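Student: could you look at this predicted model? Sequence included:
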Amino acid sequence: MAEHLGDRLKRLRRLADLTQLELSESSGVSLDVIARLEQKRKHSARLPTLHDLARGLGVELTALLGDPPGAPSTGDADPPQLVAIRRAIAPPLFSPLPEPTDVERLSLPLLRREISEGWTLYHNAQFGALMDVLPGIINDARFAASVGSVDERGEGQAALGKSLQLAGHLAIRLGKTDLALSALERAMNAASDSSDPLLSSMISNSVAWNYQRQNRLDDAGNLAIHAADSIEKESEKGADGLKVWGGLIMSAATSFARSGDYETANDMMTKAEEATKRLKDFPTSSNGKMVSVFSRSSVRIERVRLAVQHEKPAEALSLAKSMRLSSDTPPSWRTWLLLDVARAHTDLDNPEGAVKALESLRKIAPGWMRHHTLAVAIVTDLWAGSYRPPGLRKLAEFLGVVS
């Protein structure tokens, strides 16, 4: 069973050598909320509250979120998969470049296809499988960036930048935000030498997400807005430019929301959703998920999430009810939507609706759900209620809330 948020909070507070009162003063979170969390009388907290607690504890937000691991680990040392990822991101000093996995077959079209398949694994939350193949992809891309004509090296640099961006995203999901920043900085260097005019802006969005996970909300928002402004004209030229611009606007809005300015964030999200209507004016992008997960569905999913996090459950359910998921919506986004819908139903004292959403989530992503602390917190809240609808016991047993 996943560690309870209250246990994690108490452990981090003691490591920081703070009393509950001192944490309340340093974070701005009320002493009552901290006490109820640690006593397990409160099982979850809003994201702005978690940001404040993380700041007061002097830790990254991921330390409180308790994201599920992407690869098994049985001790303090990094597992071999993660060591291989680290070596691919930052090769050993004074060592020659690794040989490509298959010199005879290595080609830029094949490399781009491998990177695209890597992003598919990522969006399907198959992190273990991705860790198995990603070091080889990065090494192949680094080799491609160093050989051939000027144009071929530019395309190789683009492949290297995109593969390192993927490594950065994976590291964020593993809770390794410093490793992610290292990967993304190297990705940005490759982008500056690449043949892709949008790649630097795409990677800027990834860096902004990493800053958000480190509770550097101002840095994240400023970076996303600057990058969006720099390519706004590109958003008028084609689907790829519009998707990158839209993703940056969404990222900036998220930073505003997590800083407590929900109204500005909602205005920006509404602007982004309106912009998705222009996608139909352009030919379908051949790059797909290689560029940006930006569509009407993705914007609406993020709007639902922000509404739930800012105690607007009725608004969240209204947004969710009127949406249709596009075929290119990644499974990871679908799982988040169902979890947010369950949270909204719980906040509105509708356990039947929450259980229905959670049952759908279990069918789609049972492994992800089993390890996610928010899913456990929601079921724990429901189990503690006065009415337990049909299906709740099976969910509680599945998540280890009851035996």
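Tutor: The structure has been received and is ready for your questions. Numbers count the residues shown, from 1 in each chain.

Student: center of this structure, which residue is that?
Tutor: Among the residues of the chain, the smallest C-alpha distance to the mean C-alpha position (Cα atoms, centre = their mean) belongs to R173, namely 6.4 Å.

Student: how close does that one sit to S206?
Tutor: Taking Cβ to Cβ, to the nearest Å as the criterion, R173 is separated from S206 by 12 Å. Just so you know, the C-beta spots here come from the backbone N, C-alpha and C atoms, and that holds for glycine as well.

Student: top helix in this protein by residue count?
Tutor: Using DSSP state H to assign secondary structure, the helix with the most residues in the chain is helix 150-173.

Student: touching the helix or strand just after that one from outside, list them.
Tutor: Tracing the chain C-terminally past helix 150-173 and defining elements by DSSP states H and E, one meets helix 177-192 next. Applying Cβ atoms under 8 Å, 6 or more residues apart in numbering, the contact partners of helix 177-192 are 60, 62, 85-86, 89-90, 145, 157-158, 160-162, 164-165, 167-169, 171-172, 199-200, 202-204, 206-207, 210, 213-214.

Student: ok, which stretches of the stretch 201-350 of the chain are strands?
Tutor: Under the criterion DSSP state E, counting those that start in this stretch, the stretch 201-350 of the chain carries no strands.

Student: hey, C-alpha coordinates of stretch 349-356 in PDB?
Tutor: Taking C-alpha atoms only, stretch 349-356 is exported to PDB below (Å, rounded to 0.1, in the frame of the first residue of the first chain):
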ATOM      1  CA  ASP A 349     -20.700  14.000  -1.700                       C
ATOM      2  CA  ASN A 350     -21.600  11.800  -4.600                       C
ATOM      3  CA  PRO A 351     -19.900   8.500  -3.800                       C
ATOM      4  CA  GLU A 352     -21.700   6.600  -6.600                       C
ATOM      5  CA  GLY A 353     -20.200   8.900  -9.200                       C
ATOM      6  CA  ALA A 354     -16.800   8.600  -7.700                       C
ATOM      7  CA  VAL A 355     -16.900   4.800  -7.600                       C
ATOM      8  CA  LYS A 356     -18.100   4.700 -11.200                       C
END
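
Student: what residues go with each domain of this structure?
Tutor: Described in terms of automatic domain parsing, the domain architecture of the chain consists of the residue ranges 5-65, 199-294.

Student: neighbours around K394, how many?
Tutor: Applying other Cβ atoms under 10 Å, we find 13 residues neighbouring K394.

Student: give me the pLDDT for it.
Tutor: As predicted, K394 sits at a pLDDT of 95.

Student: just say helix, strand or coil for it.
Tutor: At K394 the chain is in helix, as set by DSSP: H, G, I helix; E, B strand; the rest coil.

Student: would you agree S26 is in contact with D17?
Tutor: No. In this structure, S26 is not within contact of D17 by Cβ atoms under 8 Å, at 11.7 Å.

Student: more neighbours: which of the two?
Tutor: Residue environment comparison for S26 versus D17 gives the larger neighbour count to S26, 16 against 7, counting by other Cβ under 10 Å.

Student: quick one: contacts of the helix or strand where that one lies?
Tutor: Secondary structure from DSSP H and E places S26 in helix 20-27. Residues external to helix 20-27 that are found in contact with it (Cβ under 8 Å, 6+ apart): 13, 16, 18, 29-31, 34-35, 38, 52-53, 55-57.

Student: go with 6 Å
Tutor: Applying Cβ atoms under 6 Å, 6 or more residues apart in numbering, the set of residues contacting helix 20-27 from outside is 13, 31, 34-35, 52-53, 56.

Student: can you pull the pLDDT of D347?
Tutor: 88.

Student: that one: neighbour count?
Tutor: Should you count by other Cβ under 10 Å, D347 turns out to have 19 residues around it.

Student: go ahead and confirm it touches P313.
Tutor: Yes. Under the criterion of Cβ atoms under 6 Å, D347 lies in contact with P313, with a separation of 4.0 Å.
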